[in-house]
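Chemist: Would you be able to build a 3D model of this:
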Amino acid sequence: MPADLDPIDHRLLDLLERDADRTAEQLAALLPLSPSAIQRRIARLKREGVVERIVARVRRPEGPPPFEALVEITLASDRADVVDRFRRWAASTREVAACWYVTGEVDIVLRLRCRDIAHFRDFTEATLGRDPDIRRFRTLVVLDTLHDANIPGETTP
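Modeler: Next up, the predicted model:
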């Protein structure tokens, strides 16, 4: 983040992360700025790359909740081209809800969302199981989401 962000910028970013659908007028009620000043700040934050993009997280009510799993991946090599190729694949793959390049015993952690366990099995066999850049992977099945800061209302006491 740029060093010139002030406390109002940080508060605005927190509010946008929680609900980017708020209007400038709604944000002005929470910040000591006018709606037009908020619009200018948001435009600047986008221009400077602080706000990369604004997206909608869609909850699909039809059918059962998706099957979720965290997959720890050890790559065959830590060469930059291998990591970059994997990053591009993850970004273009619908089943990958999140992808992290991490330190420690594994290189990559994926959050996969599939229709059901059969879809997950077919997906991992066709992709992860056949990728020569992957040395091994281990799956952690998500039994329940106790808290997810990115999904409002998805917490249990």
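
Chemist: now L110: how far from L15?
Modeler: 29 Å (Cβ to Cβ, to the nearest Å). Using the backbone N, CA and C atoms, a C-beta is placed for each residue, glycine as well.

Chemist: So these two - more neighbours on which side?
Modeler: L110 (22 against 16; other Cβ atoms under 10 Å).

Chemist: So that one lies in a strand, does it not?
Modeler: Yes: with DSSP: H, G, I helix; E, B strand; the rest coil as the criterion, L110 is assigned to a strand.

Chemist: In the sheet, which residues pair with it? Tell me.
Modeler: Judged by DSSP bridges, the bridge partners of L110 are V71, C99.

Chemist: which residues touch the residue nearest the centre of the chain?
Modeler: Closest residue to the average C-alpha location of the chain: A98 at 4.6 Å, with Cα atoms, centre = their mean. A98 sits next to L110, R111 when contact means Cβ atoms under 8 Å, 6 or more residues apart in numbering.

Chemist: what do you get for T74?
Modeler: Taking Cβ under 8 Å, 6+ apart, we find T74 in contact with E105, V106, D107, I134, R135, R136, F137.

Chemist: Name the SS class of it, please.
Modeler: For T74, the assignment made with three-state DSSP gives strand.

Chemist: Need the distance between the two termini of stretch 19-28.
Modeler: One end of stretch 19-28 to the other measures 14 Å (Cα to Cα, to the nearest Å).

Chemist: how about the nearest residue to the residue of the chain positioned farthest from its centre, chain neighbours excluded?
Modeler: Largest separation from the mean C-alpha position in the chain: S34, at 30.8 Å (Cα atoms, centre = their mean). Using Cβ to Cβ, 6 or more residues apart in numbering and skipping the chain neighbours, the partner closest in space to S34 is A28 (5.9 Å).
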